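**Student:** How does the following fold in three dimensions:
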Amino acid sequence: MVRDITLTDALDLQKEHGQTLVDVRSPKEFKEATIPGSINIPIFNDEERAEVGTLYKQVGKEAAMDRGLVIFSQKLPAFIAEFRKIDTPITVFCWRGGMRSKTAMTVLELMGIRSSRISGGIHTYRQWVIERLQENFAPRLLVLNGYTGSGKTKILHKLMDDGYPVIDLEGMAGHRGSIFGQIGVQPNNQKKFELLLADKLVEYANEPYVFIEGESKRIGQVHMPENLFKKKEQSPQWIIQLPVSVRVKEILSEYNPEKHPKQFLEAFSRIRKRIHQPVAMQIQKDLESGYFAEAVEQLLIHYYDPQYEYSVARFTKISEHVIEVDTVQEAYEVCVKRYKELQK
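**Tutor:** Down below sits the predicted model:
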């Protein structure tokens, strides 16, 4: 018996009652975008899904279903074993709430495992996400801004760890927002970015203030919704100012260029023409020789700081916007103090 529930009910059961949402699509589909907090127990792996899909297009639905049945029957014991590890009520879903989720529910029922299915599948969730992104976000944004290497991301992560409301745009994008921002991280596509963002917008809808970083509209491969970007631009900007030497250390700590020397050289080649050539030649030599601190300092002085000078300078004219300190920890403490003062 197929027990369909709405997306709204499924999300409520997940967040309020600990229900486990299980995405039965292929690992590739799951990686590209899924409902936050769900787990993946696929009916087909990526290669099997491609095989069945090709049969469907070239031969027909019946041939695809027959082949799918053969593949799935061979892995049925392992499939059931994964579900038996779950000690909460279960809701399954696929793309549109069709054959795969219905098949999963049927075999689970035969093995005495009760489950429900999201009507419309993750396609319904995608529609829900689009609606959430178009809504007005009520909380006031507290925007951490400043030159590259000012520890903004580290501060945001510490704020999150300590329970403060934070929208981590770089974390959702899987990109640090600079020409070197994709190195050592896994970028997300626009769809997954929006799924993660919508989830946070709903979570923090009733907060008076939410921290966010002063990102540009485009972050790696993704872009912010227009309404959120405009709200960020019009919100209070807290400018973190640290000594250049500290910023260099922060960048080296976050990016670990010694682990990815080739990627750093490749990324630098894309901006080299924008830097005065004698300086660019020296940066190139330093990167090739492993003198990363020297290269980073020159990049800050001759490339990043001039780029951000106007956007940062327009806020530093107002003294209460500036957080001028010697360490990231001190900057974090000032942010917390200001937040608590606003709460009063």
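**Student:** burial measure for residue 29, as a count.
**Tutor:** Neighbour count of residue 29, defined by other C-beta atoms under 10 Å: 19. The C-beta positions use only the backbone N, C-alpha and C, and glycine is treated the same way.
**Student:** what helix or strand is it on?
**Tutor:** Under the criterion of DSSP states H and E, residue 29 resides in helix 27-32.
**Student:** in that helix, what counts as buried?
**Tutor:** Under the neighbour-count criterion of 16 or more other C-beta atoms under 10 Å, helix 27-32 has 29-30 buried.
**Student:** Residue 144 pairs with what?
**Tutor:** Bridge pairing for residue 144 (DSSP bridges) gives the partners residue 213, residue 238.
**Student:** and it, how many neighbours?
**Tutor:** 24.
**Student:** I'd guessed it sits against residue 152; true?
**Tutor:** Yes. Residue 144 lies in contact with residue 152 (C-beta atoms under 8 Å); the separation is 4.5 Å.
**Student:** about what we covered before: so which elements touch the helix holding residue 29?
**Tutor:** Packing partners of helix 27-32 (3 or more C-beta pairs under 8 Å, 6 or more residues apart in numbering; DSSP states H and E): helix 46-58.
**Student:** which helices and strands does the helix it packs on pack with?
**Tutor:** helix 27-32, helix 61-84.
**Student:** show me what contacts residue 190?
**Tutor:** 221-223 (C-beta atoms under 8 Å, 6 or more residues apart in numbering).
**Student:** just the buried members of the residues you listed?
**Tutor:** Listed as buried from the contacts of residue 190 are 222-223; burial here means 16+ other C-beta under 10 Å.
**Student:** In strands, which of the contacts of residue 190 fall?
**Tutor:** Counted as lying in strands by DSSP state E, out of the contacts of residue 190, are 222-223.
**Student:** Out of the contacts of residue 190, which comes closest to residue 265?
**Tutor:** residue 221 (21.4 Å; C-beta to C-beta).
**Student:** Pull the contacting residues for the closest one.
**Tutor:** 173, 175, 187-190.
**Student:** Type out the PyMOL command that picks the buried ones from those residues.
**Tutor:** Burial among the contacts of residue 221 is assessed by 16+ other C-beta under 10 Å; the matching PyMOL selection reads:
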select buried, resi 173+175+188
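**Student:** can you redo the contacts of residue 221 as CSV with pLDDT and distance to residue 235?
**Tutor:** CSV is the format used below for the contacts of residue 221 (pLDDT from 0 to 100; distance: C-beta to C-beta, whole Å):
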residue, pLDDT, distance to residue 235
173, 92, 19
175, 85, 22
187, 87, 26
188, 91, 24
189, 92, 27
190, 94, 23
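**Student:** where are the low-confidence patches of the stretch 1-150 of the chain?
**Tutor:** 1-2 (pLDDT under 70).
**Student:** again, only using 80
**Tutor:** Applying pLDDT under 80 to the stretch 1-150 of the chain flags the ranges 1-2, 97.
**Student:** quick one: residue 280 is in a strand?
**Tutor:** No. Assigned with DSSP: H, G, I helix; E, B strand; the rest coil, residue 280 falls outside any strand and is helix.
**Student:** Next up, the contacts around it.
**Tutor:** Contacts of residue 280 by C-beta under 8 Å, 6+ apart are 272-273.
**Student:** just residue 85 next, same as before
**Tutor:** Here residue 85 is in contact with no residues (criterion: C-beta under 8 Å, 6+ apart).
**Student:** Would you agree residue 86 is in contact with residue 18?
**Tutor:** No. Between residue 86 and residue 18 there is no contact under C-beta under 8 Å: 10.8 Å.
**Student:** out of the two, which sits in the busier spot?
**Tutor:** residue 86 (15 against 10).
**Student:** ok, now how distant is the more buried one from residue 288?
**Tutor:** Distance of residue 86 to residue 288, computed by C-beta to C-beta, to the nearest Å: 52 Å.
**Student:** Check residue 295 too.
**Tutor:** Counting by C-beta to C-beta, the gap from residue 295 to residue 288 is 9 Å.
**Student:** Repeat that for residue 49.
**Tutor:** 44 Å.
**Student:** now residue 57
**Tutor:** For residue 57, the distance to residue 288 - C-beta to C-beta - is 49 Å.
**Student:** re earlier: counting neighbours around each, name which of residue 295 and residue 288 comes out higher.
**Tutor:** Per other C-beta under 10 Å, whichever of residue 295 and residue 288 has more neighbours is residue 295, with 24 against 13.
**Student:** For the more buried one, give me phi and psi.
**Tutor:** When read as degrees, to the nearest 10, the backbone of residue 295 gives phi -60, psi -40.
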